[in-house]
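In: sequence first, then the predicted structure, then my questions.
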Amino acid sequence: MRAFLIALLSLLLLPLAALAQQGDRPNTILVLDASGSMWGQIDGVNKVVIAREVIAELLADLPDDASLGLTVYGHRERGSCTDIETIVAPGPFTQDRILEAVNSINPRGRTPMTDAVVAAAQSLRYTEEAATVILVSDGIENCNPDPCAMARALEEAGVAFTAHVIGFDVASEPEARAQMQCIAEGTGGLFLTADNAAELSSALQQVVQAPAPVSVQLQAVVVPGNTPPTRPVTWTILTADGAVLSDGTQGAAIAADLLPGAYIARATRAEPAGPVPYQAGFTVVPGGIAPVVVPMPEIVETVPVTFTARVEPDMSVPASPLDWTLTDAAGNVLLGPVQAPGGNVQLLPGDYRLSVLRVAQGTTHEARFTVVSGQPQEVVIPLPALLVDVTFTARLDSADGPLITDPVLWEVTPLAPAGEIAPANPAQVALTRGAYRVTGYWTAREVEQAADFVIVDQPREIVLVFEAPLPAASLTAPATAVAGATIEVGWTGPGDPRDYIGVGTPEATGSARWDNYTYTREPSPLMLEMPMQPGPHLIRYFSSDGAEVLAEVPITVTPVSATLTAPATAVAGSTIEVGWTGPDYRQDYIGIGLTTAERSDRWENYTYTREGNPLLLEVPVTPGDYLIRYIANQDQTVIAELPITVTPVTATLTGPATAAAGSTIEVGWTGPGYPQDFIGIGLATAERSDRWDNYTYTREGNPLRLEVPPAPGDYVIRYVVNQDNTVIAELPITVTAASASLTAPATAVAGSTIEVGWTGPDAPQDYIGIGLVGAEGGRRWENYTYTRDGSPLRLAVPVTPGDYLITYFLNQDATPLAQVPITVTAVGASITAPASAVAGAMVEVGWTGPGYDGDFLGVGRVDATDGAQWETYTYTREGNPLRLEMPTEPGDYLIRYIVGQDYTAIAQTPITVTAVGATITAPARAAAGSTIEVGWTGPGYDGDFLGIGLADGSDGGWVAYTYTRDGNPAQLTLPETPGAYAIRYFLGTDYSAIAEVPITLE
């Protein structure tokens, strides 16, 4: 039995894998109460504001690597017990994100503090790691009935889980204090109360203090006697996730100071075969723990035994799986059955039996042996040779291709002891272990394939792959064809969609064998384009991969010719007529280029032959010797050319010597007046497209009007040929500075409209703008009026008070010509409205204010911004008092006076919107498609209606409806489809349903 223990321990006492847990500082989540009661005040300050300030101070004092997270409840929905959110997951360097989240929270909901603590614990993986939750709450739990039971469950399931609870302003709530104290004491945490900001800060500082280290005793013992080990022991202390905290301390027992958390104690003992580690996991909790004991077995001196199996007669290693079983003299199983080619065991002196099962064959073989102290040995079990079934298969094209159905002759070398193999496919023969060669002869095709293979212990299949014979194909085509022409080619063949018929020279190889091609997915006959190069060619049928030619037929490509007729000379940039004859293949064109040009430079301009005969061709702008060429599109082969001389083109310009910046002048011109030619003006030193800041097309007339740039300086007026922007005439001009003046009041009320007098160039689109002093770019004008509106003109003053500039802008590039300062003073307003109103109701609202055009009174949520500040609105032009429709959702709102110019709110007053109720009276069942009477009570607002829709609301809420204004009871026509439905009362303003009753349609 001791021998069994030694063998078993040598297999089982291996190093254990490290667990994953950090053992220094526990992860912590702050759980913050954001229920509606946090809007309560202490010394005139909202409790939520106090909490924000205290938490900010706390976060500033924490080390950056403190692992901290944030869970909040009651901050998104009113009346919800599930409004719990872990906004910041626990981790280091989270202080800034936590502070940002706390500052953005607006309390509004209920107090599910119990479920919030559970959610925080789950985020901390409290069943796997040490975890701490800090709960700050100001009220009683109103969602979970038993906080105490929750605390007990967390304590039992957690790994060093602690919940500290701070009751904020709960002096007058004994039940709330009892709940909070139960949570803290149930998890070993602190319960503290705070009635003001200073006490809250002190309480938070107490609960976030780092835990004190705990002294832990670690002992190694030899089992079963629990005696200290006599061999040297070295200790390693790790966190639960495997991080080494301490290493190298020696002794059978040691002491260590550790923070609360999960750890692993590893004791490594020096043993005859080398150091062997043993370990135990433990958890440190505040207040101390019992000594940690690491057990290790008694060391017994054993003898190494190696066992293997060999196949006779060459004693080779068997390839098939082997199952081993080792027993002692008394028949006790020490090892196995275990599947392996062999193995090594440590055994005590004595007699043993070793058996091996050949899994594939189901045969068992054994050996008996004696272990002598101090004498290692090898046990070898001989195995008889096997006959293995081998299958020979012949297939087409690949190892998984079609099976050849014709007879196949097989020959195996060496063949004995199998004898001859009968012709078949597949064929089977039994062979012993060894190396062989098989040859397969396909009788129908008179071809053979061979393969070398080896047999060990496993049956196998040997596949010989033969090439499938090529299918037959044929081609029919004319004996000759003109270069570039498209001919008909008849074909027969396999017709794979990727097969193709190509034409190329006879000597070509590879992909050069086809200059042009057409896929055989086109029906026979198909159309094939001939190459442009005259001479002998071959039309070939290609298989889909292009590797095999299934058929070919010769064809002679004859030259193609063309002629051109055109004038001998032409003016640069002009358009001439060119007559031509030629093949007129698709995309053929007539081009013009320099005599010496090559490749694509042979045509600077071109026209497709499909444009007619004669066709129009644009002449280049640069004078010189050119060639007009007929070019076949297929490979840009030139098949005809004609010389032409391009002569210079001239132009003249007439205009003033000077002009004011931003003005418009008249320019006379002579020149070719080609389409898109233009007259431009730019700086004398400008290049390329900068040579014209402004321009006018010559088609606009003569003289034409040209806008002068806004910047003074020396300029040039240029005649530019559009074809390639060649300048063929220039005229210098000096641009002088423009001036302007403004007259306006020194002050104005925000949002008002003032009169501004002005003098200036009054160029098209010039404007007078108003913007803040120091503004840049497009911010220099918040409002503007065009000068074309006259002098004086009316200009809207911005809504925001401050120091502004009124500026005269040249429209061309927003150049300022004149400015005057103006001070914008604040505008006031007031609102008179009831303190509360029913949802959806119309209320009267009195107001005072500027009453600018577009001003309105709107109602929206207290914390709403931008366009959400008004859910409904009425323009001030509707009267005073005016009627304003209330939102349909109950809650706290603000009525705001909004200036229409930029939607600035200049006055506001609070209003509470209370819920509106309704009831519906209708039969529980009715016939589908019938009309029923429905009684109702409710606000009956204009647009309210009763609708019927599917009970689950998947159809949008209603498929049929009737307005409440149509009477009570109302007549409602039911859908034609039977099923479960609901009749609902909908408010017409936003289609919200405020009442419903079920109805079944039969």
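Out: Received the coordinates, thanks.
In: who touches Glu448 in this structure?
Out: Contacts for Glu448 were tallied using Cβ atoms under 8 Å, 6 or more residues apart in numbering; they are 439-442. The way it works is simple: take the backbone N, C-alpha and C, and place the C-beta from them, glycine included.
In: burial of Ala243, as a residue count?
Out: When neighbours are defined as other Cβ atoms under 10 Å, Ala243 has 14 of them.
In: strands along the stretch 251-400 of the chain, start to end?
Out: 253-258, 261-271, 274-284, 292-297, 303-311, 322-328, 333-339, 342-347, 350-358, 363-371, 377-383, 388-396 (DSSP state E, counting those that start in this stretch).
In: how about JSON lines for these, with distance to Pro732 added?
Out: Below are the strands of the stretch 251-400 of the chain laid out as JSON lines (distance: least, Cβ to Cβ, whole Å):
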{"stretch": "strand 253-258", "distance to Pro732": "92"}
{"stretch": "strand 261-271", "distance to Pro732": "88"}
{"stretch": "strand 274-284", "distance to Pro732": "93"}
{"stretch": "strand 292-297", "distance to Pro732": "100"}
{"stretch": "strand 303-311", "distance to Pro732": "106"}
{"stretch": "strand 322-328", "distance to Pro732": "105"}
{"stretch": "strand 333-339", "distance to Pro732": "101"}
{"stretch": "strand 342-347", "distance to Pro732": "104"}
{"stretch": "strand 350-358", "distance to Pro732": "108"}
{"stretch": "strand 363-371", "distance to Pro732": "112"}
{"stretch": "strand 377-383", "distance to Pro732": "110"}
{"stretch": "strand 388-396", "distance to Pro732": "86"}
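In: can you tell which of those is closest to Thr670?
Out: strand 388-396 (82.8 Å; Cβ to Cβ).
In: ok, the closest residue to Leu550 other than its chain neighbours - how many residues close by?
Out: Closest residue in space to Leu550, ignoring its immediate chain neighbours: Ala473 at 3.7 Å, by Cβ to Cβ, 6 or more residues apart in numbering. By the measure other Cβ under 10 Å, the count of residues near Ala473 is 22.
In: ditto for Gly79
Out: 10.
In: count the neighbours of the spatially closest residue to it that is not a sequence neighbour for me.
Out: Closest residue in space to Gly79, ignoring its immediate chain neighbours: Arg110 at 6.2 Å, by Cβ to Cβ, 6+ apart. Burial measure for Arg110: 21 neighbouring residues, criterion other Cβ under 10 Å.
In: surely Arg110 meets Thr82?
Out: No: using Cβ atoms under 8 Å as the test, Arg110 is too far from Thr82 to be in contact (9.6 Å).
In: buried stuff in the strand or helix carrying Ile98?
Out: Per DSSP states H and E: Ile98 is located in helix 95-104. For helix 95-104, burial by neighbour count (16 or more other Cβ atoms under 10 Å) applies to 95, 97-99, 101-102.
In: the lowest-mean-pLDDT helix or strand in the chain: what's the following helix or strand?
Out: Between all helices and strands in the chain, the lowest mean by mean pLDDT, DSSP states H and E belongs to helix 2-12, at a mean of 28. Sequence-wise, the next helix or strand downstream of helix 2-12 (DSSP H and E) is strand 27-33.
In: CA atoms only for that following strand - export them in CSV, please.
Out: Taking C-alpha atoms only, strand 27-33 is exported to CSV below (Å, rounded to 0.1, in the frame of the first residue of the first chain):
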residue,chain,number,x,y,z
ASN,A,27,-10.8,47.8,-4.5
THR,A,28,-13.4,50.3,-3.3
ILE,A,29,-16.6,51.7,-4.7
LEU,A,30,-18.3,54.9,-3.4
VAL,A,31,-22.1,54.5,-3.5
LEU,A,32,-23.8,57.9,-3.6
ASP,A,33,-27.5,58.6,-2.8
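In: now do it: which elements does it pack against?
Out: helix 47-61, strand 68-73, strand 84-91, helix 113-123, strand 131-137 (3 or more Cβ pairs under 8 Å, 6 or more residues apart in numbering; DSSP states H and E).
In: what is the subsequent helix or strand relative to that strand?
Out: strand 41-42.
In: can you list the strands that that next one pairs with?
Out: Within its sheet, strand 41-42 is paired with strand 45-46 (antiparallel), according to DSSP bridges.
In: who's in contact with the partner strand?
Out: By Cβ under 8 Å, 6+ apart, strand 45-46 touches 38-40, 197.
In: let's see the PyMOL selection covering just the buried ones among those.
Out: Selection command for PyMOL covering only the buried members of those, criterion 16+ other Cβ under 10 Å:
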select buried, resi 38+197
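In: now Met315. Nearest residue, chain neighbours left out?
Out: Pro382 (7.4 Å).
In: what sits closest to the residue located most distally from the centre of the chain if chain neighbours are left out?
Out: Of all residues in the chain, Val372 has its C-alpha farthest from the mean position, at 69.4 Å, by Cα atoms, centre = their mean. Of all residues not flanking Val372 in the chain, Pro349 sits nearest, at 6.0 Å (Cβ to Cβ, 6+ apart).
In: which stretch of helix or strand covers Val578?
Out: Element membership of Val578, judged by DSSP H and E, is strand 575-581.
In: same thing with Asn702?
Out: Assessed by DSSP H and E, Asn702 sits outside every helix and strand.
In: wait, it sits on Gly671?
Out: No: here Asn702 does not reach Gly671: they are 9.5 Å apart, not a contact under Cβ under 8 Å.
In: list the contacts for Arg599?
Out: Gln636.
In: could you give the backbone dihedrals for it?
Out: phi 50, psi -130 (degrees, to the nearest 10).
In: residues making contact with the helix or strand containing Phe809?
Out: Here Phe809 sits within strand 802-810, counting by DSSP H and E. The contact list for strand 802-810 (Cβ under 8 Å, 6+ apart) reads 661-662, 710, 738, 740-742, 744, 756, 758, 760-761, 763, 766-773, 780-781, 784, 787, 795, 797-798, 815-824.
In: out of these, which are buried?
Out: 661-662, 710, 738, 740, 742, 744, 756, 758, 760-761, 763, 766-772, 780-781, 784, 787, 795, 797-798, 815, 817-820, 822, 824.
In: among those residues, which are located in strands?
Out: 742, 756, 758, 767-772, 784, 795, 815, 817-820, 822, 824 (DSSP state E).
In: can you tell me how far the closest residue to Ser398 other than its chain neighbours is from Ala399?
Out: Using Cβ to Cβ, 6+ apart and skipping residues adjacent in sequence, the residue nearest Ser398 is Val465, 6.2 Å away. Val465 sits 6 Å away from Ala399, going by Cβ to Cβ, to the nearest Å.
In: who has more neighbours, these two?
Out: Taking other Cβ under 10 Å, Val465 and Ala399 do not tie; Val465 has more neighbours (17 against 10).
In: that one touches Asp397, doesn't it?
Out: Yes: applying Cβ under 8 Å as the test, Val465 and Asp397 come out as touching, 6.8 Å apart.
In: on that earlier part again, which of the strands of the stretch 251-400 of the chain sits closest to Arg861?
Out: strand 261-271 (46.0 Å).
In: what comes up buried for that closest one?
Out: Neighbour count says strand 261-271 has 261-269 buried, by 16+ other Cβ under 10 Å.
In: do the same with stretch 553-569
Out: 553, 555, 557, 560, 562, 564, 566.
In: any idea how far Asp457 is from the second one?
Out: Same thing as Ile555. Distance from Ile555 to Asp457, by Cβ to Cβ: 63 Å.
In: quick one, what contacts Thr622?
Out: 572, 646, 726.
In: specify which member of the residues you listed is nearest to Thr685.
Out: Closest to Thr685, out of all of the contacts of Thr622 and judged by Cβ to Cβ, is Thr726, at 18.8 Å.
In: what count of nearby residues applies to that closest one?
Out: With other Cβ under 10 Å as criterion, Thr726 counts 16.
In: report pLDDT for it.
Out: Listed pLDDT for Thr726 reads 90.
In: tell me the secondary structure at the closest residue in space to it that isn't next to it in sequence.
Out: Excluding its sequence neighbours, the residue lying closest to Thr726 (Cβ to Cβ, 6+ apart) is Val621, at 4.4 Å. Secondary structure, DSSP: H, G, I helix; E, B strand; the rest coil: Val621 is coil.
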